[in-house]
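Participant: my questions concern the predicted model and sequence given below.
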Amino acid sequence: MTQDELKRLVAQAAIEYVVPGTIIGVGTGSTANLFIDELAKIKGKIDGTVASSVASAERLKGHGIPVYDLNAVDGISVYVDGADEANEHLQLIKGGGGALTREKIVAAASKKFVCIADESKLVGVLGAFPLPVEVIPMARSLVAREIVKLGGEPELRQDFTTDNGNIILDVHNLEIMEAVKLEQTLNNLTGVVTNGLFAMRPADVLLLGTKDGVKTME
Ligand SMILES: O=C[C@H](O)[C@H](O)[C@H](O)COP(=O)(O)O
């Protein structure tokens, strides 16, 4: 099976976690896009969605699925999204598409977080994928210098602005042994909006697409 076929497999499997008659949180990226396409097939069964990016909101609306502002809903039953890396503790690196901050907000507002990914995303130690950090533009150099002190190699994501009007520093050279501690340390740097580590709030379920089918980790 190709990587795209594995992604579709987990996107289909995630439909099992959709709670009828509720608001569904929807993530961002190629895997989340496939989930949106599957969600469209049962759109009459849900009350609507909250999207973690402008791009996902547009795709949802294109399918005729209602999209609400998070402030306009009482709660989200389940959040479905992809990841750039996942470990066996269901801690994640996200933000390859730059949507990390809104993804973290929607995940925090959701009762359950179902992560969907092909098996290439499962790693022993997080950090081979450069860790995205969303930064207020005027703090770019300040934050970059602090990240260097922590042992990372920050690289400005070129020609990219987040949905929130900020920049992304992709941090290379991290071997993340203490994910919760690093997530907190980076978030405490003045000028950082948030970083792409989902360790304080890991996924509740990881649906992994493998050649042998969908592997469920929880
Ligand atoms: O900002 C983007 C998100 O965190 C994505 O969920 C992540 O980059 C994975 O994307 P994909 O499903 O395209 O590999």
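Facilitator: Arrived safely.
Participant: tell me the contacts of residue 36?
Facilitator: By CB atoms under 8 Å, 6 or more residues apart in numbering, residue 36 lies in contact with 26, 56, 59, 60, 63, 65. (Glycine included, C-beta is placed from N, CA and C.)
Participant: and with 7 Å instead?
Facilitator: 26, 56, 59, 60, 63 (CB atoms under 7 Å, 6 or more residues apart in numbering).
Participant: just residue 153 next, same as before
Facilitator: Contacts of residue 153 by CB under 7 Å, 6+ apart are 171, 172, 173.
Participant: between these, which is closest to residue 187?
Facilitator: For these, the minimum distance to residue 187 (CB to CB) is 13.2 Å, reached by residue 171.
Participant: in the protein, what spans have low per-residue confidence?
Facilitator: Judged against pLDDT under 70, the chain has no low-scoring part.
Participant: around the ligand, pick out the residues from it.
Facilitator: 27-32, 81-84, 94-100, 103 (CB under 6 Å from any ligand atom).
Participant: show me the domain layout of the protein.
Facilitator: Using automatic domain parsing, the domain parsing of the chain gives 3-123+200-217, 131-195.
Participant: okay, these, which one's buried deepest?
Facilitator: domain 3-123+200-217 (a mean of 20; mean count of other CB atoms under 10 Å).
Participant: that one: how far from the chain's middle?
Facilitator: 8 Å (CA atoms, centre = their mean, to the nearest Å).
Participant: ok, now stretch 174-190?
Facilitator: The chain centroid and the centroid of stretch 174-190 are separated by 17 Å under CA atoms, centre = their mean.
Participant: can I get the CA coordinates of that stretch in PDB?
Facilitator: The C-alpha coordinates for stretch 174-190 follow below in PDB (Å, rounded to 0.1, in the frame of the first residue of the first chain):
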ATOM      1  CA  LEU A 174      16.600  18.000  19.000                       C
ATOM      2  CA  GLU A 175      16.600  14.600  20.600                       C
ATOM      3  CA  ILE A 176      13.500  15.000  22.700                       C
ATOM      4  CA  MET A 177      13.900  12.700  25.800                       C
ATOM      5  CA  GLU A 178      11.700  14.900  28.100                       C
ATOM      6  CA  ALA A 179       8.900  16.100  25.900                       C
ATOM      7  CA  VAL A 180       6.700  17.600  28.600                       C
ATOM      8  CA  LYS A 181       9.600  19.600  30.000                       C
ATOM      9  CA  LEU A 182      10.700  20.900  26.600                       C
ATOM     10  CA  GLU A 183       7.200  21.800  25.700                       C
ATOM     11  CA  GLN A 184       6.900  23.900  28.800                       C
ATOM     12  CA  THR A 185      10.400  25.400  28.500                       C
ATOM     13  CA  LEU A 186       9.800  26.600  24.900                       C
ATOM     14  CA  ASN A 187       6.300  27.900  25.700                       C
ATOM     15  CA  ASN A 188       7.800  30.000  28.600                       C
ATOM     16  CA  LEU A 189      10.100  31.900  26.200                       C
ATOM     17  CA  THR A 190       8.800  35.400  25.800                       C
END
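Participant: residues touching it, excluding its own?
Facilitator: With CB under 7 Å, 6+ apart, stretch 174-190 has contacts from 91, 125-127, 131, 133, 139, 143, 146, 150, 152, 192, 194-195, 197, 199-200.
Participant: hmm, back to that, of the contacts of residue 153, closest to residue 19?
Facilitator: residue 171 (35.7 Å).
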